[in-house]
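Student: Fold the following.
(one chain, ligands or ions: 1)
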Amino acid sequence: MIKLEHVSKSYSAGIPALNDISLNIEEGEFVFIVGNSGSGKSTLIKLLLKELEPTKGVITINNRNLNAIRRKQIPKYRRNVGVVFQDFRLLKDRNVYENVAFAQKVIGTPARLIRSSVPTMLSMVGLAAKYKSYPKQLSGGEQQRVAIARALVNQPKILLADEPTGNLDNHNAWEIMKLLEEINQKGTTVVVVTHNLEIVKAMKKRVITMKKGVIISDEKGDCSDED
Ligand SMILES: Nc1ncnc2c1ncn2[C@@H]1O[C@H](COP(=O)(O)OP(=O)(O)OP(=O)(O)O)[C@@H](O)[C@H]1O
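Tutor: Next up is the predicted model:
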């Protein structure tokens, strides 16, 4: 599903932000990416979104070589990859419903489909009752739920989350992680960059640890409860 082969990314001369990374994430996996500040985690996410190009190496997503995707095709490619960020990135002057509907409008989804899929997504994240609220009327945890609904409304196979709990207290951080776990259990491949090692340890998922642009460990989660 997500494959990196000898991928490097240098922003300038000197130590590369990513240095010869090879990595395989299978369909349906839940993977944490951890590592100190500057280890290359956000660079990796940007490469997967094709916001950046690798200096060397090949990235394949859903059997598509990202190097072969032309600029014009990038928006279409990104429909297959949902993304959420630490700072939610909601449209401040649009309510909850409109924020989620917007992701569908821009790709030309028929209004009839939008009217059915937006309430479904808002129910899934537990926000059906707040569809008329504006972002500033919501807690951080609720704003992140809206962002997750927006990221998933076009039914991508992959969800990338770059520090999704970085602005949340412990309770809300757990709620969001549990929501991401549910989403994964329904079949979406989920990749979460985080500094919250307490949650990472408790969730018992695969953990990829980065340091100075390389992967220093890749530990499988504890699957004993799945047998
Ligand atoms: N636009 C840029 N131009 C030049 N160097 C950059 C740029 N973005 C990141 N870097 C450098 O690349 C390296 C990796 O940065 P990156 O943001 O990927 O790390 P990170 O692990 O996501 O860090 P954090 O946990 O602080 O978000 C760092 O040394 C950083 O200074």
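Student: switch to C-alpha atoms for all contacts and neighbour counts from now on
Tutor: Noted.
Student: How is the one residue sitting closest to the centre of the chain assigned, secondary-structure-wise?
Tutor: What sits nearest the mean C-alpha location of the chain, by Cα atoms, centre = their mean, is residue 160, with 1.4 Å. Per DSSP: H, G, I helix; E, B strand; the rest coil, the local secondary structure of residue 160 is strand.
Student: Show me the strands in this structure, by range?
Tutor: Counting by DSSP state E, the segments of the chain that form strands are 2-9, 18-25, 30-35, 56-61, 64-65, 81-85, 158-162, 189-193, 206-211, 214-219.
Student: What lies in contact with the helix or strand of the chain with the lowest mean pLDDT?
Tutor: Taking mean pLDDT, DSSP states H and E as the measure, the helices and strands of the chain show their lowest mean at helix 74-78, namely a mean of 89. Taking contacts as Cα atoms under 8 Å, 6 or more residues apart in numbering, the residues outside helix 74-78 that touch it are 49-50, 69.
Student: one more time with 7 Å, if that's ok
Tutor: With contacts defined as Cα atoms under 7 Å, 6 or more residues apart in numbering, helix 74-78 is touched by residue 49.
Student: mind listing what's buried in that helix?
Tutor: Within helix 74-78, the residues that count as buried by 16 or more other Cα atoms under 10 Å are 77-78.
Student: Using PDB, list the CA coordinates for it.
Tutor: Presented in PDB, the C-alpha positions along helix 74-78 are these (Å, rounded to 0.1, in the frame of the first residue of the first chain):
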ATOM      1  CA  ILE A  74      -1.700  15.700  -8.000                       C
ATOM      2  CA  PRO A  75      -5.100  16.900  -6.800                       C
ATOM      3  CA  LYS A  76      -6.600  13.600  -8.100                       C
ATOM      4  CA  TYR A  77      -3.900  11.600  -6.400                       C
ATOM      5  CA  ARG A  78      -4.500  13.300  -3.100                       C
END
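Student: Quick one: distance of it to the chain centre.
Tutor: Per Cα atoms, centre = their mean, to the nearest Å, the displacement of helix 74-78 from the mean C-alpha position of its chain is 15 Å.
Student: State the distance from the closest residue to residue 157 other than its chain neighbours to the ligand.
Tutor: Spatially, and ignoring its direct neighbours in sequence, residue 157 is nearest to residue 188 (5.2 Å; Cα to Cα, 6 or more residues apart in numbering). When distance is defined by Cα to the nearest ligand atom, to the nearest Å, residue 188 is 23 Å away from the ligand.
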